[in-house]
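[1] Sequence and computational prediction follow.
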Amino acid sequence: MADVCTPVAVVTVMADGLPHGTTVGSLTSLSLRPPMVTVALAHRSRLLPKILRAERFGVNLLGAGQAGVAAAFASPAADRFDTVDWCLDDGLPRLREAPGWLACGLQRYVTGGDHLLLLGLVVQVSGTRDTAPLVYGRRTFGTHSAFARETPRPITDHITAFAH
């Protein structure tokens, strides 16, 4: 699967008054109506029990210049939030420099081998579309090569498209 590029995001939650988060390459759009995403976390993930207790999570969609952020949140370091500018957004840790943000309510979860697939109902979306997305493939961070050739449409165009 190393040849399949995946989007890179940092999934976050507050627990015991502290922010927690980890880098994922398993984020997938699931449904438009209602808007839903899935994220897979390993059963051994320290973040997983915190999300199951909170029944919600944040998804910070990283941009092409944020490979360092992705690496920091993939590390075992306990001070991941000390290296980034973040804030609480509706009670969830949000990375201020991430070009995309989703706040999700946990709808259900499904066991898949050594992972748990979290199904999240998207309750809040914000961000910009002027930053190329960060993707991961062949054990390397990069971006979608066609992004530079296209002029990104404003996010309001996409939201308007959902309304029809």
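    Cool, got the structure.
[2] Could I get the full set of helices for this protein?
    48-54, 67-74, 155-163 (DSSP state H).
[3] Just the residues contacting stretch 83-99, thanks.
    Residues outside stretch 83-99 that contact it (CB atoms under 8 Å, 6 or more residues apart in numbering) are 10, 12-14, 19-21, 56-58, 60-63, 66, 69, 72, 81, 101, 103, 124, 127-131, 133. To be clear about C-beta, it is placed using only N, CA and C from the backbone, and glycine gets the same treatment.
[4] Start and end of it, how far apart?
    Chord length of stretch 83-99, first to last residue, is 17 Å (CA to CA, to the nearest Å).
[5] Just the buried positions in stretch 80-92, please.
    80, 81, 84, 86, 89, 92 (16 or more other CB atoms under 10 Å).
[6] Same question for stretch 18-38.
    If you call a residue buried by 16+ other CB under 10 Å, then stretch 18-38 has these buried ones: 19-27, 30, 35-38.
[7] Where does pLDDT dip in this structure?
    Applying pLDDT under 70 to the chain picks out residues 147-164.
[8] try it again with 90
    Filtered on pLDDT under 90, the chain yields the residue ranges 1-5, 76-79, 128-131, 138-139, 142-164.
[9] Residue 76 and residue 119: what is the separation?
    Distance, residue 76 to residue 119, using CB to CB, to the nearest Å: 27 Å.
[10] Looking at those two, which one has more neighbours?
    A direct count of neighbours by other CB atoms under 10 Å for residue 76 and residue 119 places residue 119 higher, at 17 against 6.
[11] what bridges to that one?
    Beta-bridge pairing of residue 119 under DSSP bridges involves residue 38, residue 108.
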